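Participant: Structural data only, the sequence is not supplied:
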Ligand SMILES: Cc1cc2nc3c(=O)[nH]c(=O)nc-3n(C[C@H](O)[C@H](O)[C@H](O)COP(=O)(O)OP(=O)(O)OC[C@H]3O[C@@H](n4cnc5c(N)ncnc54)[C@H](O)[C@@H]3O)c2cc1C
């Protein structure tokens, strides 16, 4: 396994004592009492309310679209389209901007793979827009707190009358937009709007019969199917932005000259080899994402319902980084999927399509959860009682988990895939997460953070929901026997076990002696998973019984 000397970046898979201390210090969060206050008066509601006042009628001058790391594309981008239309109404130029924030990358633990993927996609987008005489200016925010001031300064310097952008649903990002909206309120001749673009159905808008937003997935899913069937226009896409006159190149020369930022040292790859390998796995830009979807429809979706949990077959679309950075539009992807499914609704036709779209609806549901329980984006579990669990302090267990050396092959295979590909198959994500919080009884937030620091597709809503603690404890042996029947996935990622007999691959400690482990160079299990699962359940029961969030 690659060992990176010097530790200049968080991405390295060999963990030191300092890493263990650092990652613990990054798990700060508000009290559960404060979390409830935030849930009662959400930043999302605050933003929606203030936007009523900042969507103003003002004389159109230059129109700005502010790209975020969730809408890096010109195709079917609602905010960009609205900005383009406004500019056509007789304004000067359509201009665009991306605010690069190295401090936020540190704060959120963004992985080098995701950081690079975003910058490479921006590079492609910049040149596509430039062909239409639309500049994409890259600004750098020095601190985490001065972003709205920076945007306002940019708007004034460039005589912007209208600012458009796409909604981000996490607390920090919503508060940043509220902050900018307050500044816009003080200006007579600037308008600000934030559009919903990430999902087919606006998060928070699907309600139960009693009136509150759905909190249970199956009900949300059924409702989602019904609404999209009734109103197929939800999948309508918007056109590409219209270009500026050639003269815009002269008028906004400074913006055209701005260059894509360098990543801070901690976000750079450990080596050129690693960079090239990861870029090959995850080619940047919309075209690559759409091609990936077309290939998935052609070769894999028909078997998705049957094979989706069998990681060795690599059965899924691998579109998650493209969704999480908004490099592809979910509406366009679903519209193409529907065409493939002979225009049938998403609960009919090809069973692979039905099964795959259900996962996309999970993505939409988790955005609804983030909006209605904002504390989930603040390092707190959705069920606040789990904040009262007394986790173990086990540095050795932590390191072994990170490095894929727990001695439990299914877990180690998943972690090694993550370390090598900046990606892990969903079944392995479920198992490695369960192993960390239940078998090792380590604070689940340590794992959540490690995923953020390594995944190319990190997405707060999907990741925090994936890590949400519960009483469910996966048995990594029966899981492997069921979903990796021949042990192919394990053998691929844990080559030490390539030659051992099939049964021993799933749990070598049940069939091989300790000396055999030494000979193979594979670690003996750090904990007994059956015993540790019992211990976790008892611990949860004890701590949750006394918990009073
Ligand atoms: C502990 C844990 C952490 C996770 N962290 C992330 C994360 O940071 N980013 C992320 O995008 N997904 C995350 N997931 C969800 C899921 O594992 C990935 O979306 C999926 O594995 C990506 O592979 P794919 O694109 O081939 O998915 P496909 O199976 O092809 O699914 C298509 C799309 O549907 C969405 N999707 C699929 N499964 C889920 C799911 N369980 N929940 C929500 N959306 C889903 C994704 O956008 C995905 O790209 C996590 C799951 C767990 C259990």
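Facilitator: Looks like it arrived, so ask away. Since the structure is predicted, the reported quantities are computational estimates derived from the model, not experimental observations. Residues are numbered from 1 along each chain as shown.
Participant: residues touching residue 440, list them.
Facilitator: Each residue near residue 440 by Cβ atoms under 8 Å, 6 or more residues apart in numbering is listed here: 392, 394, 397, 398, 401, 526, 527, 532. In short, each C-beta sits where N, CA and C put it, glycine included.
Participant: Need the contact partners of the helix or strand containing the fourth one.
Facilitator: Taking DSSP states H and E as the definition, residue 398 sits inside helix 395-403. Where contact means Cβ under 8 Å, 6+ apart, the residues beyond helix 395-403 that reach it are 1, 13-15, 17, 20, 405-407, 411, 415, 419, 432, 435-436, 440, 442, 446-447, 450, 523, 526-527.
Participant: For that helix, buried residues please.
Facilitator: For helix 395-403, burial by neighbour count (16 or more other Cβ atoms under 10 Å) applies to 395, 397, 398, 399, 400, 401, 402, 403.
Participant: Distance from the chain centre to that helix, please.
Facilitator: 24 Å (Cα atoms, centre = their mean, to the nearest Å).
Participant: avg pLDDT for that helix?
Facilitator: Averaging pLDDT along helix 395-403 gives 96.
Participant: Helix or strand next in line after that helix, which one?
Facilitator: With elements assigned by DSSP H and E, the helix or strand that comes after helix 395-403 is helix 409-421.
Participant: residues from the stretch 201-350 of the chain in reach of the ligand?
Facilitator: By Cβ under 6 Å from any ligand atom, the residues of the stretch 201-350 of the chain that approach the ligand are 316, 317, 318, 319, 320, 323, 324.
Participant: Hmm, residue 436 and residue 446 touching each other?
Facilitator: Yes: Residue 446 is in contact with residue 436 according to Cβ atoms under 8 Å; the separation is 7.0 Å.
Participant: more crowded one of those two?
Facilitator: Taking other Cβ atoms under 10 Å, residue 446 and residue 436 do not tie; residue 436 has more neighbours (27 against 22).
Participant: Which strand or helix spans the residue nearest to the more buried one when sequence neighbours are not counted?
Facilitator: Among residues not flanking residue 436 along the chain, residue 447 sits closest, at 4.2 Å (Cβ to Cβ, 6 or more residues apart in numbering). Assigned by DSSP H and E, residue 447 belongs to helix 444-454.
Participant: What lies in contact with that helix?
Facilitator: With Cβ under 8 Å, 6+ apart, helix 444-454 has contacts from 10-11, 13, 23-24, 26-27, 108-111, 113, 379, 381, 386, 398, 401-402, 418-419, 422, 429, 432-433, 436-437, 458, 463-464, 467, 469.
Participant: Could you tell me the phi and psi values at the residue of the stretch 1-150 of the chain found nearest the ligand?
Facilitator: Closest to the ligand within the stretch 1-150 of the chain is residue 114: 9.3 Å, counting by Cβ to the nearest ligand atom. Backbone torsions of residue 114, given as degrees, to the nearest 10, read phi -70, psi -40.
Participant: same check, this time on residue 62
Facilitator: The phi/psi pair for residue 62 (degrees, to the nearest 10) is phi -80, psi 140.
Participant: Can you give me the pLDDT of it?
Facilitator: For residue 62, pLDDT reads 97.
Participant: Which residues does it form beta bridges with?
Facilitator: On the basis of DSSP bridges, residue 62 is bridged to residue 160.
Participant: Return the residues in contact with it.
Facilitator: Counting by Cβ under 8 Å, 6+ apart, residue 62 makes contact with 87, 91, 92, 93, 94, 95, 158, 159, 160, 161.
Participant: hang on, the earlier thing: what's the local residue count around the residue nearest to residue 436?
Facilitator: For residue 447, using other Cβ under 10 Å, the count is 26.
Participant: ok, and the closest non-adjacent residue to residue 30?
Facilitator: Using Cβ to Cβ, 6+ apart and skipping the chain neighbours, the partner closest in space to residue 30 is residue 378 (5.9 Å).
Participant: doesn't residue 37 make contact with the one you found?
Facilitator: No: look at residue 378 against residue 37 with Cβ under 8 Å: they stay out of range, at 11.7 Å.
Participant: Comparing the two, which residue is more hemmed in?
Facilitator: Neighbours were counted for residue 378 and for residue 37 using other Cβ under 10 Å; residue 378 has more, 16 against 11.
Participant: so which helix or strand takes in residue 95?
Facilitator: Element membership for residue 95 (DSSP H and E) is strand 94-100.
Participant: Contacts only, for the residue nearest in space to the middle of the chain.
Facilitator: Central residue of the chain (Cα atoms, centre = their mean): residue 459, 1.3 Å from the mean position. For residue 459, the contacting residues are 320, 323, 324, 363, by Cβ under 8 Å, 6+ apart.
Participant: residues near residue 298, how many?
Facilitator: By other Cβ under 10 Å, the residues close to residue 298 number 10.
Participant: What of the one 10 residues further on?
Facilitator: The tally of other residues near residue 308 (other Cβ under 10 Å) stands at 20.
Participant: Wait, it touches residue 302, no?
Facilitator: No: judged on Cβ under 8 Å, residue 308 makes no contact with residue 302 at a distance of 11.8 Å.
Participant: next one: the host helix or strand of residue 64 to chain centre, how far?
Facilitator: Counting by DSSP H and E, the element that carries residue 64 is strand 62-67. A distance of 24 Å separates the centroid of the chain from that of strand 62-67, by Cα atoms, centre = their mean.
Participant: got the angle for that strand vs strand 94-100?
Facilitator: 40 degrees (axes from the mean of the first three to the mean of the last three Cα atoms, to 10 degrees).
Participant: what's the following helix or strand after strand 62-67?
Facilitator: helix 78-88.
Participant: residues in the stretch 401-549 of the chain within reach of the ligand, list them.
Facilitator: Residues of the stretch 401-549 of the chain found near the ligand (Cβ under 6 Å from any ligand atom) are 426, 429-430, 433, 451, 455, 457-459, 462-463, 466-467.
Participant: Many thanks, we can stop here.
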